[in-house]
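>>> just coords:
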């Protein structure tokens, strides 16, 4: 398609463009909106789910302003003892640790089954299955 954006435009920030922008809510106490650029439902839902596990979070939700724009808006309200930005930073770090742990477990399972990262998924398994028949 001629009007489709270049693939790199979907995830590379333009010069001067910020990944995350915080907008403090003036009407609701301890609430803020975060505009996240060059991301989609994958990260939006991960963040929302992680935030809702936190007992200091009263509300967390996200929406995609437009299906063709790769950005989302995350709204967070917290208890008075913390700020939305602080909770978001802590929960992002928790997600990073959790994903790193999953990656390590996955790599350990690959090693356990004799697969390496240089081999395609199941490369050696398919060879053993093919020769068995």
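Sure thing, it's come through. Bear in mind that the values here come from a model prediction, so they are computed numbers and not experimental data.
>>> in the protein, which helix has the most residues?
Ranked by residue count under DSSP state H, the longest helix found in the chain is helix 84-112.
>>> Now for the nearest residue to residue 46 once chain neighbours are set aside, how many residues are close by?
In this structure, residue 46 finds its nearest non-sequential neighbour in residue 95, 6.1 Å apart by C-beta to C-beta, 6 or more residues apart in numbering. Quick note: C-beta positions are derived from backbone N, CA and C, even for glycine. By other C-beta atoms under 10 Å, the residues close to residue 95 number 16.
>>> Can you tell me how far residue 95 is from residue 36?
13 Å (C-beta to C-beta, to the nearest Å).
>>> Over to residue 96?
15 Å.
>>> do residue 63 as well
Residue 63 sits 11 Å away from residue 36, taking C-beta to C-beta as the criterion.
>>> who touches both of these two?
Overlap of the contact sets of residue 63 and residue 36 (by C-beta atoms under 8 Å, 6 or more residues apart in numbering) consists of 72-73.
>>> out of the two, which sits in the busier spot?
Regarding residue 63 and residue 36, a neighbour count based on other C-beta under 10 Å identifies residue 36 as having more, with 19 against 10.
>>> Report the contact partners of the residue positioned nearest the centre of the chain.
Centroid check for the chain by C-alpha atoms, centre = their mean gives residue 43 as the closest residue, at 2.8 Å. Counting by C-beta under 8 Å, 6+ apart, residue 43 makes contact with 36, 72.
>>> Also residue 76?
Contact analysis of residue 76 by C-beta under 8 Å, 6+ apart lists 31-34, 51, 57, 59-60, 84, 87-88.
>>> In a markdown table: these, plus pLDDT.
As requested, the contacts of residue 76 are exported to a markdown table (pLDDT from 0 to 100):
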| residue | pLDDT |
| --- | --- |
| 31 | 98 |
| 32 | 98 |
| 33 | 98 |
| 34 | 98 |
| 51 | 98 |
| 57 | 98 |
| 59 | 98 |
| 60 | 98 |
| 84 | 98 |
| 87 | 98 |
| 88 | 98 |
